[in-house]
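Trainee: got a predicted structure here, sequence first:
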Amino acid sequence: MAAISMGRDLLHKKIERPSLAKQSTESEHNPDKRDSTITGFHQDEDGHWVAELSCGHTQHLRHQPPWQSRAWVMDPVQRQEKIGQPFACGWCAQGSVSDNLGD
C-alpha cells in the first residue's frame, strides 16, 4: 500500500520556490512594499545563478532558452551592471506567509 501512495506522490510534481536568504519573520515580506534592488549574486549547488535582493529574499535567474532567456546572467560584467537595479520580488508581492493563512 505504501508503494502505491509513494508512486502517486512522484506523479505530483511540486512547484519549485526560490530560497530565502535568511530564515526569520523579517524576510517574509518587504514592509514598505517598494520594489527591491539586486545587491549581489551567488551560484547555488547546481551552478545556477541566484540574485540576492535588498529585501532579504533571493531569486534564481536561469538562462535556459527558449523558456528563460537571460544571457546576461552568464556574463560577469553584465551581472555586475545589474547590482543596484530595481527588481520586483515575487515573495514580497505575495505578502506575509501569515497573510495567506485562512481563519
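Mentor: The structure has been received and is ready for your questions. Residues are numbered from 1 along each chain as shown.
Trainee: report the separation between Ser36 and Gly90.
Mentor: According to Cβ to Cβ, to the nearest Å, Ser36 stands 10 Å off from Gly90. Where you see a C-beta, it was placed from the backbone N, CA and C, and this is true even at glycine.
Trainee: so which of those two has more stuff around it?
Mentor: Legend: neighbour count by other Cβ atoms under 10 Å for Ser36 and Gly90, higher for Ser36 (20 against 11).
Trainee: enumerate every residue touching the more buried one.
Mentor: Asn30, Leu53, Ser54, Cys55, His57, Pro86, Phe87, Ala88, Cys89, Cys92 (Cβ atoms under 8 Å, 6 or more residues apart in numbering).
Trainee: one more: Ser54?
Mentor: Ser36, Thr37, Ile38, Thr39.
Trainee: what pLDDT does Glu26 get?
Mentor: At Glu26, the model reports a pLDDT of 42.
Trainee: also the one 4 residues further on?
Mentor: At Asn30, the predicted lDDT confidence score is 46.
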